[in-house]
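Chemist: Provided below for reference: sequence and predicted model.
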Amino acid sequence: MQRTALITGATSGICLAYAKYFASLHYDLVITGTRNELNNVSQEIHREYAVTVFPIVKKIESLGDIEDLIKTISGKDIQVLVNNAGYGLKGLFFERPLNDYLEMINLHIILSLRLIKHIFPTMEKNNEGLIINVSSDAAYLPIPGNAVYSGTKAFIKQFTECLYLDIRKKNLKIKTIVVCPGLTRTNFHEKIHIPKEKQQNKGIIRWSTPENVVKKSMKDIEKGRAISITGGFSTSLQIFLYRILPKRVFYNIVLKMFD
């Protein structure tokens, strides 16, 4: 039986790397994105890997948009789900309209939950499947100007860990993992005004690549882990400091770093 992977936000970056990874394993793909380049990406993957690629160019901003997407994929037998669609916003919480954050919550959280609820019954029936939820090291690290983004990523992390335990409670062979990348060279950072020339290793700061994120996360899936932290030493150090330092000290350090 031909297998299919559904990957959201696959126009570029980490989830384009996931799309190519699963295509290399001969999965057909359903990929979503908001830019017309998605059609070019689909053709490129089809030519390189000889798999069927079904692109869905759609912006997800509302609950209605999410239900439209669910209708579009209804009837497709999906064995792998990668929830990655998302974006960052620049500025303090008070400086942006509320609707900007509601749209982010819909895309980061509601879409992920809705897709899992839609696809999971078939996975449960077949007792197989893989769910990858892409979060961020921001799930661990509160910083100014990142309130809703970090909040949604923290939700995805906690939710996926609980989902992992729910699946184990039911003794299912379905696998799930939350991926928490650190600094990764994608156009995500360019959109929040970190140009490519500034995406350089310096001191303990280390930038990864989308391909390395995928490689590390797939190894962690094989090991049965619930969380994959792919940012290397610098990310692990930041998380360690967050956990051990008194919060007042940590907050003062962060405020100085982002002054």
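Modeler: Done, it's in.

Chemist: who touches K157 in this structure?
Modeler: Shown in contact with K157 (C-beta atoms under 8 Å, 6 or more residues apart in numbering): 135, 139-140, 178, 180, 227. Backbone N, C-alpha and C define where each C-beta goes, glycine included.

Chemist: how does it look with 6 Å?
Modeler: With contact taken as C-beta atoms under 6 Å, 6 or more residues apart in numbering, K157 is in contact with 135, 139, 178.

Chemist: now do the helices in the stretch 151-259 of the chain.
Modeler: For the stretch 151-259 of the chain, the helices defined by DSSP state H, counting those that start in this stretch occupy 187-191, 210-222, 232-244, 247-257.

Chemist: do the same with the stretch 1-150 of the chain
Modeler: Under DSSP H, counting those that start in this stretch, the stretch 1-150 of the chain gives helices at 13-24, 37-49, 63-73, 98-105, 111-126, 147-169.

Chemist: for the ones you listed, which one ends up most surrounded?
Modeler: When you average the neighbours per residue for each of the helices of the stretch 1-150 of the chain (mean count of other C-beta atoms under 10 Å), helix 13-24 leads with a mean of 24.

Chemist: rewinding a little: is it possible to get CSV of the contacts of K157 that adds pLDDT and distance to Q79?
Modeler: Shown next, in CSV, are the contacts of K157 (pLDDT from 0 to 100; distance: C-beta to C-beta, whole Å):
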residue, pLDDT, distance to Q79
S135, 96, 22
A139, 94, 26
V178, 98, 19
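
Chemist: in strands, which of those residues fall?
Modeler: Using DSSP state E, the members of the contacts of K157 that fall within strands are V178.

Chemist: I60: how many residues sit nearby?
Modeler: By other C-beta atoms under 10 Å, 23 other residues sit near I60.

Chemist: now do the contacts for it.
Modeler: 107, 111.

Chemist: how close does it sit to Y87?
Modeler: Distance of I60 to Y87, given as C-beta to C-beta, to the nearest Å: 11 Å.

Chemist: for K216, same thing?
Modeler: For K216, the distance to Y87 - C-beta to C-beta - is 23 Å.

Chemist: if you count surrounding residues, which of these two has more?
Modeler: Set side by side, K216 and Y87 show more neighbours around K216, with 18 against 14, by other C-beta under 10 Å.

Chemist: surely the more buried one touches I229?
Modeler: No. Using C-beta atoms under 6 Å, K216 makes no contact with I229, being 8.5 Å away.

Chemist: can you list the helices of the stretch 151-259 of the chain in CSV and add distance to L25 and mean pLDDT?
Modeler: Formatted as CSV, the helices of the stretch 151-259 of the chain follow (distance: least, C-beta to C-beta, whole Å; pLDDT from 0 to 100):
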stretch, distance to L25, mean pLDDT
helix 187-191, 25, 55
helix 210-222, 10, 95
helix 232-244, 25, 83
helix 247-257, 40, 91
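
Chemist: quick one: which of the ones you listed is nearest A147?
Modeler: A147 sits nearest to helix 247-257 of all the helices of the stretch 151-259 of the chain, at 12.9 Å, using C-beta to C-beta.

Chemist: could you give the angle of that closest one to helix 232-244?
Modeler: Relative orientation of helix 247-257 versus helix 232-244 (axes from the mean of the first three to the mean of the last three C-alpha atoms, to 10 degrees): 140 degrees.

Chemist: if we can go back for a sec, pick the most buried one from the helices of the stretch 151-259 of the chain.
Modeler: helix 210-222 (a mean of 18).

Chemist: and that helix, how far out from the chain middle?
Modeler: Averaging C-alpha positions (C-alpha atoms, centre = their mean, to the nearest Å) puts helix 210-222 13 Å from its chain's average.

Chemist: alright, calling it a day.
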